[in-house]
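Q: based on what follows, work out the 3D shape:
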Amino acid sequence: MQILLANPRGFCAGVDRAISIVKRALELYGSPIYVCHEVVHNEYVGNSLRNLGAVFIENISDVPDNNILIFSAHGVSQKVRAEAKSRNLTMLFDATCPLVTKVHMEVVRASRNGTEVIFIGHMGHPEVKGTMGQYSNKEGGIYLVESQEDVWNLQVKNQDHLYFMTQTTLSVSKTQEIINVLRKRFPSIIGPRKDDICYATINRQEAVLNLAAASEVVLVVGSKNSSNSNRLAELARSTGILSFLIDSSQDIRNEWLEGINCIGVTAGASAPEVLVQDVIKHLQMFGGGSPVELLGREENIFFGIPQELRINLDYIY
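A: Below is the predicted model:
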């Protein structure tokens with residue numbers, strides 16, 4: 001059985017930065033370090049950080065006074081940020097992905113201008129909550145749409161003064177279909193100069209389509225609550241082949257491998273490479289050969305951690 005690996009796959013720059021912020025805070029200040037929401041949506045990463053002393057919370061009120069708090073990579077609303085700043089916390093660090101922050105700034109500008117915003121995203125996702133929570137102008141409005149049907153049913157105050165934005169981890173093709181309907185329904189609507197869907201999402205979706213074209217089955221390493229990982233599995237399935245979202249090699253079922261000559265493996269932007277390597281070892285136990293990495297887009301983007309976390313440990317102790 002041939003094993004093909006998608007390229008690129010796994011951690012993006014924003015996820016890498018967020019995890020580094022939590023780890024560095026733990027190194028400098030010890031446990032516990034409180035994190036607003038899971039820092040990234042991956043079970044393995046979350047458990048690893050918990051073992052180091054991270055405590056994931058959903059409400060700022062759950063953080064005791066005189067402790068350190070970190071915002072997750074998904075970002076938080078202005079209300080949550082203000083609540084955190086009003087607390088008696090020792091330190092507050094922001095692990096929001098810079099590409100999510102870019103969308104936040106777009107929403108803030110629209111809010112200040114009184115421009116109504118139509119936001120394409122998945123209801124309940126923390127990134128969506130945080131981004132929509134940047135809008136504060138009561139004279140305007142921000143509206144969430146998840147489908148083309150939502151667009152046709154949407155009622156706005158001023159059709160000639162609209163702006164659309166998107167969650168960063170959506171399906172590129174499905175989002176474009178919704179944007180096309182938005183432009184048809186609201187001809188005057190404008191959007192961002194550059195796609196809100198991030199480079200890592202675009203690259204990994206392109207890579208999984210290439211992988212699916214050469215595979216009989218595709219395994220996507222990622223957690224069930226990971227938006228970008230779910231989109232990868234959906235995309236692979238859309239090509240007509242079987243695709244399974246797995247947290248680890250333990251989720252692989254033997255029947256998936258029966259009669260398979262070529263299997264593809266990729267990972268969502270929040271899934272570490274160590275899990276991919278475990279999957280490869282598992283597949284090799286069932287007759288898999290040496291993995292072959294497909295060609296793909298090179299990624300060399302890096303996001304640095306906050307200056308306060310770059311200090312030398314000797315300075316602290």
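Q: excluding covalently adjacent residues, which one is nearest to Val117?
A: Distances taken as CB to CB, 6 or more residues apart in numbering put Ile142 closest to Val117, at 4.3 Å, once the chain neighbours are dropped. Placement of C-beta: from N, CA and C, glycine included.
Q: show me the contacts for the one you found.
A: 107, 110-111, 116-119, 132, 135 (CB atoms under 8 Å, 6 or more residues apart in numbering).
Q: with respect to Ala267, which of those is nearest?
A: Among the contacts of Ile142, Phe119 lies closest to Ala267 (CB to CB), at 27.4 Å.
Q: what pairs with the helix or strand that closest one falls within, parallel or antiparallel?
A: Assigned by DSSP states H and E, Phe119 belongs to strand 116-120. Paired strands of strand 116-120, with direction, are strand 142-145 (parallel), strand 162-166 (parallel) (DSSP bridges).
Q: look up the closest residue to Met91, ignoring the ones flanking it.
A: Using CB to CB, 6+ apart, the closest residue to Met91 is Ile68 (4.6 Å).
Q: number of residues surrounding that neighbour?
A: 20 (other CB atoms under 10 Å).
Q: and for the one 10 residues further on?
A: One way to gauge burial is a neighbour count; for Gln78, by other CB under 10 Å, it gives 16.
Q: what do you get for Asp62?
A: Neighbours around Asp62, by other CB under 10 Å: 12.
Q: same deal with Ser61?
A: 9.
Q: part of a helix, is it?
A: Yes: per DSSP: H, G, I helix; E, B strand; the rest coil, Ser61 lies within a helix segment.
Q: which strands or helices does whichever helix or strand comes after the strand holding Phe119 pack on?
A: As assigned by DSSP H and E, the chain's next helix or strand after strand 116-120 is helix 126-132. With contacts defined as 3 or more CB pairs under 8 Å, 6 or more residues apart in numbering; DSSP states H and E, helix 126-132 has these neighbours: helix 98-113, strand 116-120, strand 142-145.
Q: one more time with 7 Å
A: helix 98-113, strand 142-145 (3 or more CB pairs under 7 Å, 6 or more residues apart in numbering; DSSP states H and E).
Q: mind checking how far it is from the chain centre?
A: Centre-to-centre, helix 126-132 and its host chain are 12 Å apart (CA atoms, centre = their mean, to the nearest Å).
Q: could you dump it to CSV, C-alpha only?
A: Taking Å, rounded to 0.1, in the frame of the first residue of the first chain, the C-alpha atoms of helix 126-132 are listed here in CSV:
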residue,chain,number,x,y,z
PRO,A,126,-15.2,31.1,18.7
GLU,A,127,-13.5,33.0,15.8
VAL,A,128,-17.0,34.0,14.6
LYS,A,129,-18.0,35.1,18.1
GLY,A,130,-14.8,37.1,18.5
THR,A,131,-15.0,38.8,15.1
MET,A,132,-18.7,39.7,15.2
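Q: now it: mean pLDDT?
A: Mean per-residue pLDDT for helix 126-132: 98.
Q: surely Asn67 meets Leu92?
A: No: under the criterion of CB atoms under 7 Å, Asn67 makes no contact with Leu92, lying 10.1 Å away.
Q: remind me which residues of the protein are low pLDDT?
A: Within the chain, the ranges that satisfy pLDDT under 70 run 312-317.
Q: mind running it again at 90?
A: The model of the chain has pLDDT under 90 over residues 193-197, 311-317.
Q: show me the helices in it, by range?
A: 13-29, 43-52, 78-86, 98-113, 126-132, 148-153, 172-185, 199-214, 227-238, 254-257, 273-285, 313-316 (DSSP state H).
Q: how about the ones you listed, which one is nearest Val35?
A: Comparing the helices of the chain by CB to CB, helix 13-29 comes nearest, at 6.2 Å.
Q: put the alpha carbons of that closest one into PDB.
A: Output in PDB follows, covering the C-alpha atoms of helix 13-29 (Å, rounded to 0.1, in the frame of the first residue of the first chain):
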ATOM      1  CA  ALA A  13       2.100  30.200  11.500                       C
ATOM      2  CA  GLY A  14      -0.800  31.400  13.700                       C
ATOM      3  CA  VAL A  15      -1.200  28.000  15.500                       C
ATOM      4  CA  ASP A  16       2.600  27.700  16.000                       C
ATOM      5  CA  ARG A  17       2.600  31.200  17.500                       C
ATOM      6  CA  ALA A  18      -0.300  30.600  19.800                       C
ATOM      7  CA  ILE A  19       1.200  27.400  21.200                       C
ATOM      8  CA  SER A  20       4.600  29.000  21.600                       C
ATOM      9  CA  ILE A  21       3.000  31.900  23.600                       C
ATOM     10  CA  VAL A  22       1.400  29.400  26.100                       C
ATOM     11  CA  LYS A  23       4.500  27.300  26.400                       C
ATOM     12  CA  ARG A  24       6.700  30.400  26.900                       C
ATOM     13  CA  ALA A  25       4.400  31.800  29.500                       C
ATOM     14  CA  LEU A  26       4.600  28.500  31.400                       C
ATOM     15  CA  GLU A  27       8.400  28.500  31.200                       C
ATOM     16  CA  LEU A  28       8.700  32.100  32.500                       C
ATOM     17  CA  TYR A  29       5.900  32.200  35.100                       C
END
